[in-house]
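Student: show me how the following folds:
(one chain, ligands or ions: 1)
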Amino acid sequence: MSSGSTSAAKLGAVTTQYSTQDIYQRVYAAISERKLLPGTKLSEERLAAAFHVSRTRIREVLFRLSQELIVELHPNRGAFITSPTREDMQQVFQVRRALERGIVTDLCESVSAEAIQALQRHLELEAQARERGDRAALAQLTGEFHLRLAEATGNRLFADNLRRLVALTGLIITQYGAADSSACAGHEHTGIVRAIQEGRAEDAAQQMQAHLRHVEDSIKTPHEPGGEIDFAQIFGLKGPAPRG
Ligand SMILES: [Zn+2]
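Tutor: Residues are numbered from 1 along each chain as shown. Here you go, the predicted model:
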């Protein structure tokens, strides 16, 4: 448990009010971008101090994240970022293969020229991040690529369900991936977009299945969760985080 810290109320006088939605999005993004690792304790007190909000607000955010399975709530110990098991990993990829096969098949039947252009622009951003060696940006963009495909179907249920699975995949890669594992090989994304553009449904589906198998296979040895973390720094917030 935390051993004494700066009063959140004192810091609360300082700045902007973050809405529950703002906080949720920032925590979610930090998890997706692997700035917060599996097993990390999300101390209500320290998050409240970092965002200058009440603990009640933080509790709402943590509850919502727990419903999306990316945070685990333990009655007496508090909230932790989910540490997926090997079995979770298999199940996540099994469902992703089924869902994303459906997504690309759907797109081959009905995608618009605008959507294809947007996907190509996204591939360009991935290529740029890869070129400048920006791993954090690349991890985010490669996860987003799969979401952009889901969104392009116009079916919100594809997008909502995949969003959760992509966040869980981020946690799995962090927990089990080799330190330098990048989520997705760029040429595989390019091949998938080309198959969709040309309306080759079976090819697009097979490329997606193969791609997801490669991502799963590239995830290798576990590493330990990190130690003490600075929430204010991770979320780009002003003011020093209290040392708990
Ligand atoms: Zn990918």
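Student: going forward, measure contacts and count neighbours with C-alpha atoms only.
Tutor: Will do.
Student: just the strands from the protein, written as ranges.
Tutor: 41-42, 71-74, 78-81 (DSSP state E).
Student: is it true that Ala48 touches Ser54?
Tutor: Yes: counting by Cα atoms under 8 Å, Ala48 touches Ser54, with 5.6 Å between them.
Student: which of the two has more residues huddled nearby?
Tutor: Using other Cα atoms under 10 Å as the criterion, Ala48 and Ser54 rank with Ala48 on top: 23 against 16.
Student: dump the residue contacts of the more buried one.
Tutor: 8, 54-55, 57-58 (Cα atoms under 8 Å, 6 or more residues apart in numbering).
Student: most neighbours among those residues, which one?
Tutor: Ile58 (23 neighbours).
Student: for it, what are its contacts?
Tutor: Ile58 neighbours (Cα under 8 Å, 6+ apart): 20, 23, 44, 47-48.
Student: what's next to stretch 24-37, contact-wise?
Tutor: By Cα under 8 Å, 6+ apart, the surrounding residues in contact with stretch 24-37 are 61-62, 65, 81, 136-137, 139-140, 166-167, 170-171, 174-175, 225-226, 234-235.
Student: what about those, which are in helices?
Tutor: Mapping the contacts of stretch 24-37 onto helices (DSSP state H) picks out 61-62, 65, 136-137, 139-140, 166-167, 170-171, 174-175, 234.
Student: quick one, which of these are buried?
Tutor: Neighbour counting over those (16 or more other Cα atoms under 10 Å) leaves 61-62, 65, 137, 139-140, 166-167, 170-171, 174-175 as the buried ones.
Student: buried ones in the biggest helix by length in the chain?
Tutor: Counting residues, the longest helix in the chain under DSSP H turns out to be helix 86-110. The neighbour-count check on helix 86-110 (16+ other Cα under 10 Å) flags 89, 92-93, 96-97, 99-108 as buried.
Student: pLDDT of it, averaged?
Tutor: For helix 86-110, the mean pLDDT works out to 95.
Student: likewise for stretch 118-125?
Tutor: Stretch 118-125 comes out at a mean pLDDT of 96.
Student: show me the shaky parts of the protein.
Tutor: Applying pLDDT under 70 to the chain picks out residues 1-15, 178-183, 220-228, 238-244.
Student: which parts of it are helices?
Tutor: With DSSP H as the criterion, the chain has helices spanning 8-12, 20-32, 44-51, 55-67, 86-110, 113-131, 135-152, 156-176, 186-197, 201-218, 231-234.
Student: for the ones you listed, which one ends up most surrounded?
Tutor: Of all the helices of the chain, helix 44-51 has the most neighbours on average by mean count of other Cα atoms under 10 Å, namely a mean of 24.
Student: could I have it exported to PDB, CA atoms only?
Tutor: Coordinates of the C-alpha atoms in helix 44-51 are reproduced here as PDB (Å, rounded to 0.1, in the frame of the first residue of the first chain):
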ATOM      1  CA  GLU A  44      -6.500   5.600  -7.000                       C
ATOM      2  CA  GLU A  45      -4.800   8.100  -4.800                       C
ATOM      3  CA  ARG A  46      -1.800   8.700  -7.100                       C
ATOM      4  CA  LEU A  47      -3.900   8.900 -10.300                       C
ATOM      5  CA  ALA A  48      -6.300  11.300  -8.500                       C
ATOM      6  CA  ALA A  49      -3.300  13.500  -7.600                       C
ATOM      7  CA  ALA A  50      -1.800  13.300 -11.100                       C
ATOM      8  CA  PHE A  51      -5.100  14.300 -12.800                       C
END
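Student: can you give me the domain boundaries for this protein?
Tutor: 8-83+225-234, 86-218 (automatic domain parsing).
Student: for Phe63, see how far away Gly191 is.
Tutor: Separation of Gly191 from Phe63 (Cα to Cα, to the nearest Å) stands at 39 Å.
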